[in-house]
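>>> Take a look and give me a structure for this.
(one chain, ligands or ions: 1)
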Amino acid sequence: MVICQINADPSFDSNIYLIIGGRTALIDTGTGGANPENIAGIKKILKGKNLDMIILTHFHYDHTGGLSGMLKEFDSEVSAGAGDAPYIMGGDPIYTMSGMFGGEHEPVDVIGLTEDDIVDLGDHRLRVINTPGHTCGGICLYDEITHSLFSGDTVFSRGVGRTDFPTGSAKELTESLRKLSGIDVKMLYPGHSDISSDGNEAVRYGLLMMGGL
Ligand SMILES: [Zn+2]
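As a prediction, this is how the structure comes out:
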């Protein structure tokens, strides 16, 4: 499994990760503002292969706005946490904050993922962990072979996601971090800022910040 970060515009976009295994997957899409550059970067790496799936860690527009543009270029299955998927499908401008970003979502089918669902990448499998708190249906994806965690905006290398947006909950975020503290995380691939090679410490620090330690 090879993980590449595709980020032409790190100022507004979420981190975007391209995973190449037996199947190919993109985790989050950014706002779409840098879609031409991001799509060119993805195509260059895929060398003619299709992008099999796009997985969205949660419904915020800085993670999902690029979706419709990506789907014009790739024949990809789209999935997100079951709690967040309806807001992406419906393009809710308040919850997704697309209005705030000056964009909009086109209607799209999104498969709802639930706890312990497996995203099969061929040689690797990503396990879905429900981590509400930043949004009601946010998810993390965990690779048990490499102990890598794609954490969206639940936890960063030094900090945690905001809980004051619609459907956010500090109590739920704390519980989600407590759940993550029960698994062994080496590499942390967060939704913003730097990747960490000490995911366990990042989760512990996040839990400490939330008063959960
Ligand atoms: Zn977010």
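
>>> H63 touches F150, doesn't it?
No. H63 is beyond contact range of F150, at 11.4 Å (criterion: C-beta atoms under 8 Å). Glycine gets a C-beta too; all of them are placed from N, C-alpha and C.

>>> which neighbours do these two share?
With contacts taken as C-beta atoms under 8 Å, 6 or more residues apart in numbering, the residues that reach both H63 and F150 are T57.

>>> And those two? Which one has more around it.
Between H63 and F150, counted using other C-beta atoms under 10 Å, H63 has the larger neighbour count: 30 against 26.

>>> Next up, the contacts around that one.
The contact partners of H63, by C-beta under 8 Å, 6+ apart, come to S14, D28, T29, G30, L56, T57, G152, D153, G191.

>>> Look up the closest residue to the third one, ignoring the ones flanking it.
Distances taken as C-beta to C-beta, 6 or more residues apart in numbering place G66 nearest to T29, at 3.3 Å, with adjacent residues excluded.

>>> and what of the fifth one?
Nearest in space to L56, with sequence neighbours left out and distances taken as C-beta to C-beta, 6+ apart, is A80 at 4.0 Å.

>>> for this structure, what spans make up the helices?
With DSSP state H as the definition, the chain shows helices at residue ranges 35-46, 61-64, 67-73, 85-90, 170-180, 199-209.

>>> Distance-wise, check the residue nearest to the spatial centre of the chain relative to G211.
Closest to where the C-alpha atoms of the chain average out (C-alpha atoms, centre = their mean) is T57, at 2.9 Å. T57 is 24 Å from G211, where distance means C-beta to C-beta, to the nearest Å.

>>> Correct me if wrong: I55 contacts T29.
No. At 9.9 Å, I55 does not count as touching T29 under the criterion of C-beta under 8 Å.

>>> Around the ion, pick out the residues from this structure.
Within the chain, the positions lying close to the ion (C-beta under 5 Å from the ion) are H60, D153.

>>> residues near A34, how many?
By other C-beta under 10 Å, the burial measure for A34, its neighbour count, is 21.

>>> In contact with it, which residues?
N7, A8, D9, D13, G66.

>>> 7 Å instead, please
Neighbouring residues of A34 by C-beta atoms under 7 Å, 6 or more residues apart in numbering: A8, D9, D13.

>>> Also S181?
Contacts of S181 by C-beta under 7 Å, 6+ apart are V203, R204, L207.

>>> Could you say which of the helices of the chain is packed most deeply?
Comparing the helices of the chain by mean neighbour count (mean count of other C-beta atoms under 10 Å), helix 61-64 ranks first with a mean of 29.
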